[in-house]
Every structure is written in C-alpha cells, then in structure tokens.
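Trainee: Got a predicted model here, sequence first, then my questions.
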Amino acid sequence: MSTKLFPIPPRSSEIEALFHGLLAGEATRKSQSAYELSCLAQELESAGDYLSGLRIYRRLYEIGFDTRRQAAHCLFLLGFYSDAAKEFRIALTESLSNNIHPWILMEYGMCLSKIGATGEDLNLINSLLVPDSTNFPVVATVLSEVFAHHKMWNKVIEWLSPLHMSNHSRLFTLLTEATIRHNFPHFETPQIKINAETSDGTRGAFKLGIACTSLSCYGRFGQTLTEYYFLQKLAKDFGRTFFVPSWVGELVFELNNPRYHGGFRQVNLEASEILEAIKLAGVSAIDGYDFFSPGSFATWSHEDLSYARSLFSFRPEVEQWCLYQLDSMKIDVTNLVAVHLRLGDQFTRTGTLDARIYRQIISRLLTECGDTTPYLATEDIPRAKEFLGSDNFLTSALAADAPVGLKWLIDFYVFTKARRVITHQSSFSYWGCILNTNESSCFFQPDLENNCFVEFDTGTYNTTKFVK
C-alpha cells in the first residue's frame, strides 16, 4: 500500500487529450471520448478528487453533454451547498418528471437543509409533488428538509409520518430528529467549534481529523451506531478529531463531536484496510479522509464493550421519556423477555427460523423470568403476531401518546434493559444487547445453519451455547 491512503495520480495530460479528441474527432470518436471522460471523472470522484471531477463535468456540459447533475453532486460533496442547490434546481427543471433520479432529489433536499429554500425552490418542489408518483415520498422528504432548516418540526412530522417508510434511511433520520425536537422543545445539541485549519491553507483536508459524511445516509439506527462507533474509537485511539454531520445519535445519547464542514476526501475502506494504512505509513495516512462504512465486529472485545457502554449514554431527557412510556404500559422492563422479529427490509435476504422454534425459546425464557408477558419489537406487528401464532405480546403500539417517529426508540430502550433478549439478524437489536445494563441479562440469536437459537456473549460476539 502506498504511503498515501488513496493517492490520485496527475491526469491533466490525459484529460486534455480526451477533450481534444472530443472536439476535433469524428462522431464515433467524439462519443468514445465523452464516455472515457465521464468514466475518468467518476474515477477521480471515487478517489475523493471532487474538484477535478467537477471541472470535467462542467466542460462536458458546456459543449452539449448532459452532466449538470453530476457537477452538482461534486459541488455537494465539496460542501458548496448554494452552488450545488442552484445546479440541482436547473437539472431538475430540465428533467422530465418521470426521469428524475431519487439521489438527485435527496442531495438537493440536503442542500436546502443547510441553506434554506428560495421561492424558486418551493415552486419547483410543489410542481414535483404528484401524489401517485414513485418519487412522491422523496419529494415530501425534500420539502421536510426545508421545514427542518426553519425548525418547523411539526410540519416535518405532518409530511413524513403518513409515509410509513421506516426502511428509508434519510426519511427515518429526519422524522426522528423532528419528533424529538418537537417533543423536547428546549432540547439543545452541544456543538464543538474548532479552528478549521487545513493542510495547505485552503478548504482542503483538516490536519488532524477524519470524517464520516455518510452517517445516517445508508442504513438505519443500528448500522449508523456501528459506523459511528468504529470511527469514533479509531479517532480516539490515534488522537484524531472525528467530524460528523447532524445525526440521530446526538439526540439520543450524550455525544459531542465537531460538525463536518467539507473538504475531506471520501473513500470506502474496510476497518482492516484503514489499520493497515496506519501500520505502513503512520497515523497521518488517515488525516483528511471521509470514511464510508468501515464498521466490523470481527475484532470485537470486552474492551470494546466497555467503551461502547461509556460512549453511548442516554441523554437524561430521552431516558425519562422512555421510562414514562414503559410505565404507561405497566411494563417491568428489568424482568422482561424481549423479542426482535425483523419483517421489513432484510427479511427476504436473511430469513428466519421456524415459528415453532421461536415459540419454544420464548416459552422457556418466560419460565425463567416468572411467566411475564413478552415484549415484541417489529416493523409489522400484525404480521409478526400471526407468524408467532399469538396475540399475547406487549408492543410499542400500547404507548398511546408516543409519536410514530419515536416508537422505535421504545423498542431500543427495552433491549438495553430487558432480562432476556432474542435478537434477529440485525445490528439494531444487537446494539441494544451491547448497551444492556441488566446484570441478569442473557442474549440469543438465530442460527439458521443449525436451525436453533444460540446464546452469545456481547463482550466477544462469540456463541456460548446452543439452545435446542
């Protein structure tokens, strides 16, 4: 591996040669040159050189190629939100209503969440709000980004709650933030302000820091916790600052990271690759990079368990709210059997065990805990009850005054306190087990290969015994 984590070789001569072929060649050669330039721009963009990618896309657009949205994407990644919003606005205006990429809408909305919306933006959003359109949920999310910028949390809730898209990561994040801020009007998120000194005197990479701009964009709460934890620990272990965008964890836990301001180079590396780069080239190899999804439980240890529990401490207001909801349902969480049944986005991919095996382990654990009523956490309560063949479950639906955007938080809090937890193949319930503070707790997960449940240790992620 190079001493640089992701080196970008100079490509200016290659770029100029391709543009020369584009402008002077025959029709076939022009098409080939345009294609090669577009691929080269994507390669530079993937390597974190957004500025060079931006220059290629703009030059292609100036000579008649439709690359405005790609240029807008680079501007967004560079942190030039006003310029990006302008380019996205033009690209969306020029696009046919049935030919709009959802990611263009999402990045446009995230720009507006930073800078606010003009009258022109609002007119464009309204023109795209076609109820039967496949893009309607995404456009509704864009509109909610505008409301969020102006702290109109009740409007965000009004628009997003009816969509029931818990599998959509950005919608989930936005709805959760709006619901928390609306229900806790005096809630403040602590902010660290630091000198954004750069390595070259420009808006480039911060000298002693790493970032994660994808936090909360790909995956929901469990995946986000995984991504955050491993990068936060990496930064702590090597004395680096960890920069993050606004994310749900800051509202749930007592976390305090400096805000991301742009200028980092984005790369997608596994945790082992990052550590290898540090081993070969020193800790400075990671400075100024924006990492995407490096989390892994492969090296999880009791040291990780201890640090995770100290890191993810519930904010007092949030814990009090969760306890109030459980009290309203008359739930003794410390003696509870909690079951997670994931029937949404990953069910067809991960599968599950036979319902008979679920009923057997639930019955056994209830006997250990004094035959209390079990708690069921799932995206689809009626379907889950039908699968398990019983209506005798406590669920977050019983918390009558809990808003839709926070039902999941009750489930997660239950996992952190219950005496027995049956997980699915899900980082959501696994993180609940990691943060569980019940001294009598035991945790179980499905083993599809052996068609049974296994008890596991949250300090090593190892199976301790099979449960037949």
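Mentor: Yes, it's here.
Trainee: Beyond the helix or strand bottoming out on mean pLDDT in the chain, next helix or strand please.
Mentor: Here the helix or strand of the chain ranked lowest by mean pLDDT, DSSP states H and E is helix 347-350, holding a mean of 48. Where DSSP states H and E defines the elements, the next helix or strand beyond helix 347-350 is helix 355-368.
Trainee: Show me what that following helix is packed against.
Mentor: Counting contacts by 3 or more CB pairs under 8 Å, 6 or more residues apart in numbering; DSSP states H and E, helix 355-368 is packed against strand 337-340, helix 381-388, strand 420-422, strand 452-457. Placement of C-beta: from N, CA and C, glycine included.
Trainee: what's the next secondary structure element after that helix?
Mentor: With DSSP H and E, the next secondary element past helix 355-368 is strand 375-377.
Trainee: what does that next one rub up against?
Mentor: 331, 336-341, 384-385, 388, 393-396, 411, 414-415, 418, 429 (CB atoms under 8 Å, 6 or more residues apart in numbering).
Trainee: let's see 7 Å
Mentor: 336-341, 384, 393-395, 411, 414, 418 (CB atoms under 7 Å, 6 or more residues apart in numbering).
Trainee: and if you look at stretch 123-138?
Mentor: Here stretch 123-138 has contacts from 89, 92-93, 97, 100, 102, 105-106, 139, 142-143, 163, 165, 168, 171, using CB under 7 Å, 6+ apart.
Trainee: and N436, what does it touch?
Mentor: If a contact means CB under 7 Å, 6+ apart, then N436 has F415, T416, K417, V421 as its contacts.
Trainee: Next, it: secondary structure please.
Mentor: coil (DSSP: H, G, I helix; E, B strand; the rest coil).
Trainee: Against S306, how distant is it?
Mentor: Distance, N436 to S306, by CB to CB, to the nearest Å: 13 Å.
Trainee: L341 too?
Mentor: 30 Å.
Trainee: Among the two, which residue is more densely surrounded?
Mentor: L341 (26 against 11; other CB atoms under 10 Å).
Trainee: right, and the more buried one touches H424 too?
Mentor: Yes. Under the criterion of CB atoms under 7 Å, L341 makes contact with H424 at 6.0 Å.
Trainee: How is the chain partitioned into domains?
Mentor: Using automatic domain parsing, the domain parsing of the chain gives 12-149, 209-296, 316-467.
Trainee: Tell me which of these sits most buried.
Mentor: Comparing the domains of the chain by mean neighbour count (mean count of other CB atoms under 10 Å), domain 209-296 ranks first with a mean of 19.
Trainee: measure the residue nearest to G459 when sequence neighbours are not counted to T460 for me?
Mentor: Nearest residue to G459, sequence neighbours excluded (CB to CB, 6 or more residues apart in numbering): H302, at 3.9 Å. Noted for H302: a distance of 7 Å to T460, by CB to CB.
Trainee: Also L448?
Mentor: From L448 to T460 the distance is 21 Å (CB to CB).
Trainee: Could you check which helix or strand contains N392?
Mentor: N392 belongs to no helix or strand, assigned by DSSP H and E.
Trainee: Would you confirm that I274 contacts I286?
Mentor: Yes. With contact taken as CB under 7 Å, I274 and I286 are classed as touching, separated by 6.3 Å.
Trainee: Now pLDDT, secondary structure and distance to T176 too, for the contacts of N436, in CSV please.
Mentor: What follows is those, written out as CSV (pLDDT from 0 to 100; DSSP: H, G, I helix; E, B strand; the rest coil; distance: CB to CB, whole Å):
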residue, pLDDT, secondary structure, distance to T176
F415, 96, helix, 17
T416, 96, coil, 17
K417, 96, coil, 20
V421, 95, strand, 22
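Trainee: Please dump these into CSV; it should also carry distance to R181 for every row.
Mentor: CSV is the format used below for the contacts of N436 (distance: CB to CB, whole Å):
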residue, distance to R181
F415, 24
T416, 22
K417, 25
V421, 29
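Trainee: Can you tell me which of these is closest to S246?
Mentor: T416 (23.3 Å; CB to CB).
Trainee: What sits closest to the closest one if chain neighbours are left out?
Mentor: In space, and not counting its chain neighbours, T416 is closest to L435: 4.5 Å by CB to CB, 6+ apart.
Trainee: Please apply the same query to A140.
Mentor: W159 (5.0 Å).
Trainee: Now the residue lying closest to L336 once chain neighbours are set aside: which helix or strand?
Mentor: Distance criterion CB to CB, 6+ apart; nearest residue to L336, sequence neighbours excluded, is A418 at 4.4 Å. In the assignment (DSSP H and E), A418 maps to no helix and no strand.
Trainee: Touching, A418 and A338? I think so.
Mentor: Yes. Using CB under 7 Å, A418 makes contact with A338 at a distance of 4.0 Å.
Trainee: would you say F65 is within a strand?
Mentor: No. F65 is assigned coil when assessed by three-state DSSP, not a strand.
Trainee: And it, how far from Y57?
Mentor: F65 is 9 Å from Y57, by CB to CB.
Trainee: same thing with V138?
Mentor: V138 is 23 Å from Y57, by CB to CB.
Trainee: cool, and F291?
Mentor: 24 Å.
Trainee: F243 and I274, how far apart?
Mentor: From F243 to I274 the distance is 16 Å (CB to CB).
Trainee: same deal with Q70?
Mentor: Taking CB to CB, one finds Q70 at 28 Å from I274.
Trainee: center of this structure - which residue?
Mentor: By CA atoms, centre = their mean, the chain has its centre lying nearest to S216, at 2.2 Å.
Trainee: I'd say that residue and W247 touch.
Mentor: Yes. Look at S216 against W247 with CB under 7 Å: they come within range, at 4.4 Å.
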